[in-house]
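Asker: structure of the sequence below:
(one chain, ligands or ions: 1)
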Amino acid sequence: MHIGIAGAGLLGRLLAFELTRAGHAVEVFDPAPGPLPPAYSQGPYAAGWTAAGMLSPTAELESADANVFELGLRSIALWPGIVAALGLPVELQHRGSLLLAHRGDEGSARRVLDLLRHKAPAGHAPTPLTIAELVGLEPDLHGAAHAWLLPHEGHIHTVQAMTALAHTASAAGAVWHWGVAVQRLAAGEIHTAGKVHCFDCVFDVRGTGARPAPGSGDGDEGFGREVRGVRGEIIWLHAPEVTLQRPVRLLHPRHRVYLVPREGGHIVVGASEIESEDRSPISLRSMVELLAAAHSIAPGLAEARVVHTETNLRPALPDNLPHLAQEPGLVQINGLFRHGWLIAPALVEQALGHLAGLPARNTRQAA
Ligand SMILES: Cc1cc2nc3c(=O)[nH]c(=O)nc-3n(C[C@H](O)[C@H](O)[C@H](O)COP(=O)(O)OP(=O)(O)OC[C@H]3O[C@@H](n4cnc5c(N)ncnc54)[C@H](O)[C@@H]3O)c2cc1C
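Answerer: Presented below is the predicted three-dimensional model:
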């Protein structure tokens, strides 16, 4: 099939990779200037670059449902095969993740743990650790009074994976239209400035960009109108003296804070979750709260260097759950919110499974 993809973020790149791998002819459209990590001062770019890359089906049950959990488990099983097929190295770990709580914060921690125990299937509930067991796993974590292990979780290096997916899809023949925004789309059609591109099937994976511009008159673009952006801020630390093997979350009464290790002595500290589409740089309050919380469980971070901060918008639908809609010639996926890396491989697998059974736009017209 000849397939058009609107959006070269996480979903667009994963689709391009899987579709070229399956032998389809693929063209991808995105306003970004190219496939490489963005110059962060330039306009909006994919949330996929900014994500910390936690693959946390159980911990995310605090805000997600059983479907996200199942998609997450399936994706964790799919990621190793995807990464092995990429033409560039991508850091992917599956050593579990940790939940920590300070003395005095037992009330809020208990609420989260009760919720996870209630929602997680047998075998996936948090396992309590003694502090000696915690230090055995992560010698550089000090200060927390309580710890739990979620053994089935992992993390992926999102910048490496975004780069490698585009690189590998290109090598397999994907054609990229960089600097080209999709203005409208419909079954089998992608409209860019002054041009209509025809395909057997079109994938709409524009994230927050799926929302039609005010006054554009575009109406029938599925759930695009309902998409909103949820601001998230993260901080990259260079802390070669602090060794972390797995993501760590602090169950704090006021904010959720996590630390995710990345190769090269880096740790990503995140993330705020603010109902705003403001993409301006991180606020002082978020910076202070995130870093104070991180330092409270990893005191060795005192001499870490803040090397980068980043703000982006998570694409969310009103229920904060992912949605996939399919009709002949058009597939739309959106609303991945804070779970894109966790669930994208399984969602793409679902979408491509249905694709085989869908009559293509051209076939339907001919019929
Ligand atoms: C701070 C932060 C932390 C996160 N942490 C995690 C995490 O730890 N784990 C996890 O699983 N998820 C995490 N996420 C969520 C994850 O990044 C998103 O769910 C995921 O990126 C959504 O993928 P997407 O392809 O739908 O959208 P995006 O990755 O945003 O891609 C959308 C693409 O569409 C393009 N586009 C926009 N408008 C147009 C147009 N008109 N025409 C063509 N293309 C267009 C954009 O340029 C972009 O390239 C985090 C997100 C943020 C912001």
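
Asker: quick one: contacts for Lys265?
Answerer: That one is not Lys; residue 265 is Gly. Residues counted as contacts of Gly265 (C-beta atoms under 8 Å, 6 or more residues apart in numbering) are His238, Ala239, Pro240. Yep, even glycine has a C-beta here, placed from its N, CA and C like the rest.

Asker: among those residues, which ones are buried?
Answerer: His238, Ala239 (16 or more other C-beta atoms under 10 Å).

Asker: among the contacts of Gly265, which are in strands?
Answerer: Counted as lying in strands by DSSP state E, out of the contacts of Gly265, are His238.

Asker: tell me the secondary structure at whatever residue of the stretch 151-300 of the chain ends up closest to the ligand.
Answerer: Relative to the ligand, the nearest point of the stretch 151-300 of the chain is Gly209 (1.9 Å; C-beta to the nearest ligand atom). Secondary structure, DSSP: H, G, I helix; E, B strand; the rest coil: Gly209 is helix.

Asker: mind checking pLDDT for the nearest residue to it once chain neighbours are set aside?
Answerer: When the adjacent residues along the chain are set aside, Gly209 lies closest to Gly7, with 6.6 Å between them (C-beta to C-beta, 6 or more residues apart in numbering). At Gly7, the model reports a pLDDT of 98.

Asker: any idea how far Glu349 is from Gly7?
Answerer: To Glu349, Gly7 is 18 Å away according to C-beta to C-beta, to the nearest Å.

Asker: strands of the stretch 1-150 of the chain, residue ranges please.
Answerer: 2-6, 25-30, 54-55, 92-93, 97-101, 127-129, 146-150 (DSSP state E, counting those that start in this stretch).

Asker: let's have those in JSON lines, adding mean neighbour count and distance to His339.
Answerer: Formatted as JSON lines, the strands of the stretch 1-150 of the chain follow (neighbours: other C-beta atoms under 10 Å; distance: least, C-beta to C-beta, whole Å):
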{"stretch": "strand 2-6", "mean neighbour count": "24", "distance to His339": "20"}
{"stretch": "strand 25-30", "mean neighbour count": "23", "distance to His339": "21"}
{"stretch": "strand 54-55", "mean neighbour count": "26", "distance to His339": "9"}
{"stretch": "strand 92-93", "mean neighbour count": "20", "distance to His339": "17"}
{"stretch": "strand 97-101", "mean neighbour count": "26", "distance to His339": "14"}
{"stretch": "strand 127-129", "mean neighbour count": "15", "distance to His339": "23"}
{"stretch": "strand 146-150", "mean neighbour count": "22", "distance to His339": "15"}
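
Asker: which parts of this structure sit against the ligand?
Answerer: Counting by C-beta under 6 Å from any ligand atom, the positions of the chain adjacent to the ligand are 6-12, 29-32, 45-48, 50-54, 181-182, 205-207, 209, 232, 234, 270-271, 312, 314-315, 336-342.

Asker: out of these, which are inside helices?
Answerer: Leu10, Leu11, Gly12, Ala47, Gly48, Thr50, Gly340, Trp341, Leu342 (DSSP state H).

Asker: write the ChimeraX selection for whichever of those are buried.
Answerer: Selecting the buried subset of these in ChimeraX, with 16+ other C-beta under 10 Å as the burial test, is done by:
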select :10,11,12,47,48,50,340,341,342
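
Asker: ok, the ones in helices among the residues of the chain next to the ligand vs the ligand, which is closest?
Answerer: Of those, the one sitting nearest to the ligand (C-beta to the nearest ligand atom) turns out to be Gly340, at 2.4 Å.

Asker: before we move on, the earlier item: a markdown table for the strands of the stretch 1-150 of the chain, including distance to Arg110?
Answerer: Listed next are the strands of the stretch 1-150 of the chain as a markdown table, based on distance: least, C-beta to C-beta, whole Å:
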| stretch | distance to Arg110 |
| --- | --- |
| strand 2-6 | 45 |
| strand 25-30 | 44 |
| strand 54-55 | 22 |
| strand 92-93 | 29 |
| strand 97-101 | 9 |
| strand 127-129 | 12 |
| strand 146-150 | 10 |
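
Asker: can you say which of these is nearest to Ala164?
Answerer: Judged by C-beta to C-beta, the one of those that comes nearest to Ala164 is strand 92-93, at 10.7 Å.

Asker: on contacts alone, who are the packing partners of that closest one?
Answerer: helix 66-85, strand 154-156 (3 or more C-beta pairs under 8 Å, 6 or more residues apart in numbering; DSSP states H and E).

Asker: out of these, which one sits most buried?
Answerer: Of all those, strand 154-156 has the most neighbours on average by mean count of other C-beta atoms under 10 Å, namely a mean of 24.
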